[in-house]
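> Kindly return the folded structure for what I paste below:
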Amino acid sequence: AEELLQHLDSTVFEQQLSALRAVRSAKAVLLIIQSCRCNGVPLSKNQQRWARLVLEQAPDLIYVMELRGDNVVLCDAQTGRTVLDVMALHRKMGEEKVLQVGEI
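Below you'll find the model as predicted:
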């Protein structure tokens, strides 16, 4: 499996980036994470490919995390605009649903 992941074609990364842009789901992020490690071993080649791809072709996907009092806020790295307010999400959805987001 590690050998296969190490030799993924560039189009696979580009397709995953397109999927992430279209859906912005935890599942799309999970696919990216799975291409960056195998059996707990980091695949630095793929990590570097992802970093380069996102920084050069998709800086709009980069968020800055800020702690504002007891609240965590994600802001667009380019504009500073608030993208996600965790406290507001918690009030809207409830704690159980917010925590389920990471459970895929």
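> Every contact and neighbour count from this point should use C-alpha atoms.
Will do.
> got the contact list for Leu17?
Contact analysis of Leu17 by C-alpha atoms under 8 Å, 6 or more residues apart in numbering lists Val54.
> That one: which element?
Here Leu17 sits within helix 10-23, counting by DSSP states H and E.
> In the protein, mark out all the helices, start to finish.
Applying DSSP state H to the chain gives helices spanning 2-6, 10-23, 26-34, 44-57, 86-93, 95-100.
> List the contacts of the lowest-mean-pLDDT helix or strand in the chain.
The helix or strand of the chain with the poorest confidence is helix 95-100; it has a mean of 74 (mean pLDDT, DSSP states H and E). The contact list for helix 95-100 (C-alpha under 8 Å, 6+ apart) reads Leu89, His90.
> surely Leu84 meets Val73?
Yes - Leu84 is in contact with Val73 according to C-alpha atoms under 8 Å; the separation is 5.6 Å.
> And these two? Which one has more around it.
Just comparing Leu84 and Val73: by other C-alpha atoms under 10 Å the higher neighbour count belongs to Val73, 18 against 15.
> Contacts only, for that one.
Met65, Glu66, Leu67, Thr82, Val83, Leu84, Asp85, Val86.
> hang on, the second one packs against Asp76?
When you say that, I think you mean Glu66. No - if you go by C-alpha under 8 Å, Glu66 and Asp76 don't touch, sitting 10.9 Å apart.
> who touches Leu20 in this structure?
Neighbour list for Leu20: Ala28, Val29 [criterion: C-alpha under 8 Å, 6+ apart].
> right, I mislabeled it, should have said Pro42
Cys36.
> Buried residues in stretch 9-25, which are they?
Neighbour counts over stretch 9-25 (16 or more other C-alpha atoms under 10 Å) mark Phe13, Leu17, Leu20 as buried.
> Could you give the average pLDDT over that stretch?
Taken as a whole, stretch 9-25 has a mean pLDDT of 86.
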